[in-house]
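Colleague: 3D, please:
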Amino acid sequence: MPLVLPLLLAVVLFCIGVYGVLARRNVITMLMSFELMLNAVNLNLVAFDAWRVDEATGQTLAIFVITLAAAEIGLGLAIVLLLFRGHGHVDADAARDLLEHEEAS
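Modeller: Predicted coordinates for the structure are as follows:
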C-alpha cells in the first residue's frame, strides 16, 4: 500500500478533530474530537513505521500515545462528571464563566 493513503486518512481525521474542538462547546464532544486527533497521530506513526521497516519505533510511540490518551480521557471524564454534578451542564463556555466568577469573589 502506498504511504499517501494512510496519510490522507490521517489528515482527514485530524481536520475533523480540529473542527470538533474549535466549533463545539460541549466538553464531551471536545474530548472525543481530541481523541480523534490523537488517533490521526497514531495512524501517522504506524504508517511511517510500516514504510520504514528498520525499527519498530513508530509502533512503540503509538502505544505510548494510546496509553497517554487513556489516562487523559479518564481524567477528562472525571472532570466532566464533577462539572455536571455540581452545576448541571457540561458547556465549556459556562465552565469558563464559573472560573471567572470564582476569581472575582
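
Colleague: Not counting its neighbours along the chain, what's nearest the residue sitting nearest the centre point of the chain?
Modeller: For the chain, the residue nearest the mean C-alpha position is Phe34 (1.9 Å; C-alpha atoms, centre = their mean). Excluding its sequence neighbours, the residue lying closest to Phe34 (C-beta to C-beta, 6 or more residues apart in numbering) is Val21, at 6.1 Å. Any C-beta I mention is one placed from the backbone N, CA and C, and that applies to glycine too.

Colleague: List the buried residues in the helix or strand harbouring that neighbour.
Modeller: For Val21, the element it lies in under DSSP states H and E is helix 4-23. Neighbour counts using 16 or more other C-beta atoms under 10 Å place 6-7, 10, 13-14, 17, 20-21 of helix 4-23 among the buried residues.

Colleague: Now name the helix or strand holding the closest residue to Leu13 other than its chain neighbours.
Modeller: Excluding its sequence neighbours, the residue lying closest to Leu13 (C-beta to C-beta, 6+ apart) is Ala40, at 3.9 Å. Taking DSSP H and E as the criterion, Ala40 maps to helix 27-51.
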